[in-house]
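**Student:** Can you look at this prediction? I've put the sequence above it.
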Amino acid sequence: MSKLIHRLGISAPANRHPLFNTFFVLQNMNAEAIHSSSLRMEPYDLGDTTVAKFDLTLYMHEDGNRIYGNFEYSTSLFKKQMIDKLVADYTHILSVVAQHVSIKINEIQLQQAEAQPIVDMDAIELNF
């Protein structure tokens, strides 16, 4: 990975990954203890974390016939309202795809958000 980053000439602050800052994690294996004659492995609960490791991570896991998810995000980049909107859009997309399995993503109409004030993009300063 470091060779790739060097060859691409990418630089980033030490607290950010230079290639990617968004993750999707699907845990679809049962978290059961494994025992053998010489080895014992048990799931380790990481609990709730308070520091996002990446800008945005969506963790999904299966439990029976249900799928659960949670977002971990950088509060310096995202407000809770934005994550709530992302959750609404994502669940809407999943619902439409479940009902119409052959639909193309670009055919899915997202729900309209409340009218937002127009923002002058040239006036926004991003600090990374």
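**Tutor:** The structure has been received and is ready for your questions. Numbering: from 1, shown residues only.
**Student:** which residues in the protein form strands?
**Tutor:** 22-27, 34-35, 40-41, 56-63, 66-73 (DSSP state E).
**Student:** what's the least confident stretch among those?
**Tutor:** With a mean of 74, strand 34-35 has the lowest mean pLDDT of these.
**Student:** Adding distance to residue 90 and mean neighbour count, write the strands of the chain out as CSV.
**Tutor:** Just so you know, the C-beta spots here come from the backbone N, C-alpha and C atoms, and that holds for glycine as well. Formatted as CSV, the strands of the chain follow (distance: least, CB to CB, whole Å; neighbours: other CB atoms under 10 Å):
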stretch, distance to residue 90, mean neighbour count
strand 22-27, 10, 12
strand 34-35, 33, 10
strand 40-41, 32, 10
strand 56-63, 8, 15
strand 66-73, 8, 14
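**Student:** what about the ones you listed, which gets the closest to residue 91?
**Tutor:** Closest to residue 91 of the strands of the chain, according to CB to CB: strand 66-73, at 9.0 Å.
**Student:** Tell me what angle the closest one forms with strand 22-27.
**Tutor:** 150 degrees (axes from the mean of the first three to the mean of the last three CA atoms, to 10 degrees).
**Student:** ok, residue 111 - contacts?
**Tutor:** When contacts are counted by CB atoms under 8 Å, 6 or more residues apart in numbering, residue 111 touches 88-89, 92.
**Student:** Hmm, residue 67 is touching residue 58, no?
**Tutor:** No: using CB atoms under 8 Å, residue 67 is not in contact with residue 58; the gap is 11.4 Å.
**Student:** ok so, going back, got the strands of the chain as JSON lines, with distance to residue 108 columns?
**Tutor:** Converted to JSON lines, the strands of the chain look like this (distance: least, CB to CB, whole Å):
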{"stretch": "strand 22-27", "distance to residue 108": "18"}
{"stretch": "strand 34-35", "distance to residue 108": "40"}
{"stretch": "strand 40-41", "distance to residue 108": "41"}
{"stretch": "strand 56-63", "distance to residue 108": "18"}
{"stretch": "strand 66-73", "distance to residue 108": "18"}
